[in-house]
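K.L.:
Okay, here's the prediction I keep looking at, along with the sequence it came from:
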Amino acid sequence: MIPFSPRIWQRYGADQVVAAARAGADRALIYACPGSGKTAAGLLTALDLIRRVKATAFVVVITPNLAIKSQWIGWAETLGLNLLEVTDPDQLRQPQLPLGAYGYVLSYQQAINIKRSLHLFCETHRPVVILDEVHHTAGSLTDRDGNAWGVAVEWACGPASFKLCTTGTPFRQGNSPIAFVHYNEAGEATATVRYTYEQAIKDGVCRPIEFEFYDGDISWESRAGSVVTADFTDKLTKKLTRERLETALSTDGQFPFRMLAAAHAKLSAIRAGVGVDATAAGLVVAMDTAHANAIAGVLTDIAGAAPVVVHNKIDDAQDLIAAFREGSAPWIVGINMLSKG
């Protein structure tokens, strides 16, 4: 028995992919909006492919970065799959997996570095390979260096019994096709399973998002040495555009304080309102660990309490995220680990 109750779209999606596999397909694309549960959907589908199609007994998950590997391992445990983190290419060259293990989790960068070992594993065990946020493998067909991840995983994972691609990012082909993804005549990626943000809101899976825009004059000394003043409507060169954003986000200035103070005031009003969620919370996506810590300091001054901070240099980051999800803390600050859902 699976120890969790799948959402309707997850169960339907797994059925669709299994039907495609039984009809002879060796790949599928699950396009589902951020926050809808792609991780659980991907693992549920892989488990169904193992149990119902019976082409393999193994799973390999490839993720964009190291930060979210523990999330995949945790969800796999929930579904009864013991996935191991790849720390040495020799793990993939063993004739048998460790007792109780169903497969491995690694990053796309690792896949480049150990592509021969990964190819051998896929050739020997023919696993279901889940390519998480597969749009990261996009790149030019004529520029192999510009499509290093895509070229590596297409070769390394080609022998796998099934390639299950997931993404929450809408995309077109253009000149940068994505590994293992089919395209129609209009150059649009074709998904086996689609679950849109609109559907997720109707199902109560995701909350509506409201975007508020903040603007104002920003002055800074450019790297060229001149003082520049501009707002976000002014057209600038690429270098100055980057400098403007860095200046706006820097906690050395007043812009982040004013923006976060306004956000906290609105969040406090929502939490105190009648008939709304008293545990509503705010998320800040930081640029790096130093920026996250600085933002946390600003929020502490504004809210009177320190926010939860999570990034891949914090050992118990996933535990902190789980506690935040179930708790009532008003703010969380993260890097990469939270911004995709």
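P.N.:
In hand now; what should we look at? Numbers count the residues shown, from 1 in each chain.
K.L.:
Can you tell me what sits against the lowest-mean-pLDDT helix or strand in the chain?
P.N.:
The helix or strand of the chain with the poorest confidence is helix 317-326; it has a mean of 84 (mean pLDDT, DSSP states H and E). With CB atoms under 8 Å, 6 or more residues apart in numbering as the test, helix 317-326 has contacts from 67, 70-71, 74, 281, 308-311, 314, 332, 334, 337-338. To be clear about C-beta, it is placed using only N, CA and C from the backbone, and glycine gets the same treatment.
K.L.:
Mind listing what's buried along that helix?
P.N.:
317-318, 320-321, 324 (16 or more other CB atoms under 10 Å).
K.L.:
With distance to G100 as extra columns, can I get those in a markdown table?
P.N.:
What follows is these, written out as a markdown table (distance: CB to CB, whole Å):
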| residue | distance to G100 |
| --- | --- |
| A317 | 25 |
| Q318 | 21 |
| L320 | 28 |
| I321 | 26 |
| F324 | 31 |
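K.L.:
Which one of those is nearest to G24?
P.N.:
Nearest to G24 out of these is Q318 (CB to CB; 37.9 Å).
K.L.:
how close does the residue of the chain positioned farthest from its centre get to I218?
P.N.:
Relative to the mean C-alpha coordinate of the chain, counting by CA atoms, centre = their mean, the farthest residue is S226 (38.7 Å). Using CB to CB, to the nearest Å, one gets 14 Å for the distance from S226 to I218.
K.L.:
quick one: P6 and A40 touch, right?
P.N.:
Yes. Here P6 lies in contact with A40, judged by CB atoms under 8 Å, at a distance of 7.2 Å.
K.L.:
Which elements pack onto the helix ranked longest in the chain?
P.N.:
In the chain, taking DSSP state H as the definition, the longest helix is helix 255-272. Where contact means 3 or more CB pairs under 8 Å, 6 or more residues apart in numbering; DSSP states H and E, helix 255-272 is packed against helix 238-249, strand 282-285, helix 289-303.
K.L.:
For Y31, which of those is the nearest?
P.N.:
Using CB to CB, the nearest of the helices and strands packed on helix 255-272 to Y31 is strand 282-285, at 22.1 Å.
K.L.:
Now do the buried residues in that closest one.
P.N.:
Applying 16+ other CB under 10 Å to strand 282-285 flags 282, 284-285 as buried.
K.L.:
what's the answer for stretch 258-271, then?
P.N.:
Quick answer for stretch 258-271 (16+ other CB under 10 Å): 259-261, 263-264, 267.
K.L.:
ditto for stretch 4-22
P.N.:
For stretch 4-22, by 16+ other CB under 10 Å, it's 6-7, 9-10, 13-14, 16-18, 20-21.
K.L.:
Any regions of the stretch 101-250 of the chain where pLDDT drops low?
P.N.:
140-146, 170-175 (pLDDT under 70).
K.L.:
just to revisit the earlier point, what is the nearest of the contacts of helix 317-326 to T167?
P.N.:
Q71 (16.0 Å).
K.L.:
tell me the contacts of that closest one?
P.N.:
39, 318, 337 are the contacts of Q71 under CB under 8 Å, 6+ apart.
K.L.:
Over to P330?
P.N.:
264, 267-268, 271, 281-282, 303, 305, 307 are the contacts of P330 under CB under 8 Å, 6+ apart.
K.L.:
E77 too?
P.N.:
Applying CB under 8 Å, 6+ apart, no residues contact E77.
K.L.:
how near is V205 to R194?
P.N.:
Taking CB to CB, one finds V205 at 14 Å from R194.
K.L.:
Same drill for the two, tell me which one is more crowded.
P.N.:
V205 (19 against 15; other CB atoms under 10 Å).
K.L.:
Quick check: which element contains the more buried one?
P.N.:
V205 belongs to no helix or strand when assigned by DSSP states H and E.
K.L.:
quick one: it and A28, what's the gap?
P.N.:
In this structure, V205 and A28 are 21 Å apart, going by CB to CB.
K.L.:
Make sure V228 is indeed in a strand.
P.N.:
Yes. When DSSP: H, G, I helix; E, B strand; the rest coil is applied, V228 is found to be in a strand.
K.L.:
Now it: closest residue in space, sequence neighbours ignored.
P.N.:
S222 (5.1 Å; CB to CB, 6 or more residues apart in numbering).
K.L.:
give the contact list for the one you found.
P.N.:
Here S222 is in contact with 228, 239-240, 243 (CB under 8 Å, 6+ apart).
K.L.:
isn't A278 right next to S268, touching?
P.N.:
No. At 10.9 Å, A278 and S268 do not qualify as touching, with contact defined as CB under 8 Å.
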